[in-house]
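**Q** Sequence and predicted model, in that order:
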Amino acid sequence: MDSSVKLENAITMFSHQAMNNEMNATEKVYTGELQTPASSDDVDPKDDCTAQQDTSLNGRWKIKPTKHVSFPSGEKIVSGSAEPWNPWEAAASVTVEEIITSYKLSCKKLGVQPIYKLLTQLQEITEVHHRIKCLDLKGEKLDYETCEALEEIFKRIQFKLINLEWAKLDEDGASALFDIMEYYDSAVHLSISFNKHIGSRGWVAAAQLIRKSSSLQEFEACGIPLMEHTACFVAQGLKFNSHLRVLRLDNASLSGRPLMLLVSALNVNQTLQELYLADNNLNSVQDSMYLRELLQSNRTIRLLDLKNNCIFNTGLEDICEGLRKQKQGLKTLILWNNKLTHKGMSHLAAILPNLTCLETLNLGHNPLSNEGIHRLKEALIANRSVVRLGLASTAITCEGAIATAEFVVESARILRLDLRKNRIRTGGLMALTLALRLNRSLVRLDLDKEPKGETEEWLIETQKLLLVEIPKCCKRNSVLRQAKLEDEKDEAMKTEPSCNKRSNSLE
């Protein structure tokens, strides 16, 4: 027992001694070297390359001098500059034959067959100094290697329209092709409609193309379901875009959150002018609220196409609330086939007198009935901006045609009226003819060419005579309108020199 006690005491003393030695060494480091750093004059040049710590054989710490960085003063900081590489610098000197040869060599290198349709179109090009009208690759199979070979074309030729509809684009091919188009600024109008296998990476590249291309003004992606994550990519591209003017997303399954993401981006976007959202099954619950938000926030969209959706009367009420804010924005609203009835026309009638920018209103293929036209008549007369009105296939009869004729008589601005595919018989045609004899603005009235609903011979003959007189009245108005426009142009040219003289005298 004594020996074990002695051994334990010895271990304890040794541990205390080792701990004291370590603390003393540490104290010397913190009270010595770190408090009195070496001056810069004593630093060895080769020690400047590192600031690591090291230990000597006796266990003491040494701190190597820290690295010192200095910059030249003033204008000496930048010694020169270089302009970014211009991919079009040498393109003007290349001939069409050289482009075809380069494309074929690239295809051979990548192990793919040249696209015959593409070669045919290239052979018809006479010069490459300006944008070519169209590159049509509709229906062609465009995998990754085929798209890589197309770079030999896009690096030397730019196009107004590139048509890739039904082109069998896969994710790898789409990603590569859109990157190439973005880099070479290849298109003004691009259609990728009905390519359903673009994938996430393809949509990321498409969004980058939308965002960065300085020439792309029209983008079509119809018939491609936009899920939430892909809609997010497109929204990001639209949010920071400053050139796109037309966006077509028909039949893209946009109902719900994808539409919300699109609207949130367009609330920021200040360049888009035409938005096509047909056949998206947009509903009267959430989607109409998103559309209301869009109309309340965006002031640059001039055309909104909502045909073949499910807006209903309740959704139309939301849209009308958004239209109240459109003082200088939306000019064309297409509500064709949205299951609207005469009840929904009350919402339109409430805002039409106050709309000063809406010029085209298409309500076709909705069962408005005569009652709907009666509810709209006074509002249309009070409105002074609508010049094109679509009422085709709206289930109106002679009664509705007579109400429409009363609007035509009072309007001095209406240019076109569409009443096709309605049950308008002789009485309605007579009312429209009498209205046109008084009206001086309507230049086109669309009616069914064949007489309807009459069995007696004299009524059928009367309809035929009326259907001949109506176009004559429209033609008379067209001539008067053209003469008026020419007179206004002449007046503007006469007053312009006098204005210039006055401005020169003021100078």
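**A** Everything's here; your move.
**Q** Strands of the stretch 151-300 of the chain, start to end?
**A** Secondary structure of the stretch 151-300 of the chain by DSSP state E, counting those that start in this stretch: the strands cover 159-163, 187-191, 218-220, 246-248, 274-276.
**Q** Would you agree L415 is in contact with V386?
**A** No: contact criterion C-beta atoms under 8 Å: L415 and V386 do not qualify, at 9.6 Å. Glycine gets a C-beta too; all of them are placed from N, C-alpha and C.
**Q** if we can go back for a sec, want to throw the strands of the stretch 151-300 of the chain into TSV with mean neighbour count and mean pLDDT?
**A** Formatted as TSV, those follow (neighbours: other C-beta atoms under 10 Å; pLDDT from 0 to 100):
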stretch	mean neighbour count	mean pLDDT
strand 159-163	19	97
strand 187-191	22	97
strand 218-220	21	97
strand 246-248	19	97
strand 274-276	19	97
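**Q** Same list, those strands, but as CSV with distance to V112 please.
**A** Formatted as CSV, the strands of the stretch 151-300 of the chain follow (distance: least, C-beta to C-beta, whole Å):
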stretch, distance to V112
strand 159-163, 19
strand 187-191, 22
strand 218-220, 26
strand 246-248, 30
strand 274-276, 34
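**Q** Show me the strands in the protein, by range?
**A** 53-55, 61-63, 132-136, 159-163, 187-191, 218-220, 246-248, 274-276, 303-305, 332-334, 360-362, 388-390, 416-418, 444-446 (DSSP state E).
**Q** mind putting those strands in a markdown table, distance to G173 included?
**A** Below are those laid out as a markdown table (distance: least, C-beta to C-beta, whole Å):
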| stretch | distance to G173 |
| --- | --- |
| strand 53-55 | 55 |
| strand 61-63 | 58 |
| strand 132-136 | 16 |
| strand 159-163 | 14 |
| strand 187-191 | 15 |
| strand 218-220 | 18 |
| strand 246-248 | 22 |
| strand 274-276 | 26 |
| strand 303-305 | 30 |
| strand 332-334 | 34 |
| strand 360-362 | 38 |
| strand 388-390 | 41 |
| strand 416-418 | 43 |
| strand 444-446 | 44 |
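**Q** Out of the ones you listed, which is closest to M345?
**A** Ranking these by their distance to M345 (criterion: C-beta to C-beta) puts strand 360-362 first, at 11.3 Å.
**Q** Now P225. Nearest residue, chain neighbours left out?
**A** Spatial nearest neighbour of P225, excluding adjacent residues (C-beta to C-beta, 6 or more residues apart in numbering): S253 at 4.1 Å.
**Q** Was I right to think the one you found contacts N280?
**A** Yes: contact criterion C-beta under 8 Å: S253 and N280 qualify, at 6.7 Å.
**Q** Per-residue pLDDT of the closest residue in space to K239 that isn't next to it in sequence, please?
**A** Using C-beta to C-beta, 6+ apart and skipping residues adjacent in sequence, the residue nearest K239 is A265, 4.3 Å away. Note on A265: pLDDT of 95.
**Q** Relative to L272, how far out is A265?
**A** Per C-beta to C-beta, to the nearest Å, A265 is found 9 Å from L272.
**Q** what residue ranges in the stretch 151-300 of the chain score low on pLDDT?
**A** Counting by pLDDT under 70, not a single residue of the stretch 151-300 of the chain qualifies.
**Q** Could you rerun that using 90?
**A** 240-242, 270, 299 (pLDDT under 90).
**Q** you'd agree P451 is up against L467?
**A** Yes: the pair formed by P451 and L467 meets the contact definition of C-beta under 8 Å, at 7.4 Å.
**Q** Which residue, other than its chain neighbours, is closest to I402?
**A** A431 (4.4 Å).
**Q** E399 is in contact with the one you found, correct?
**A** No: A431 is beyond contact range of E399, at 9.7 Å (criterion: C-beta under 8 Å).
**Q** Roughly how far does G329 sit from D490?
**A** Taken as C-beta to C-beta, the span from G329 to D490 is 32 Å.
**Q** Find the residue at the geometric middle of this protein.
**A** Nearest to the geometric centre of the chain sits L247, at 4.0 Å (C-alpha atoms, centre = their mean).
**Q** so that residue touches F219, yeah?
**A** Yes: taking C-beta under 8 Å as the definition, L247 is a contact partner of F219 at 5.7 Å.
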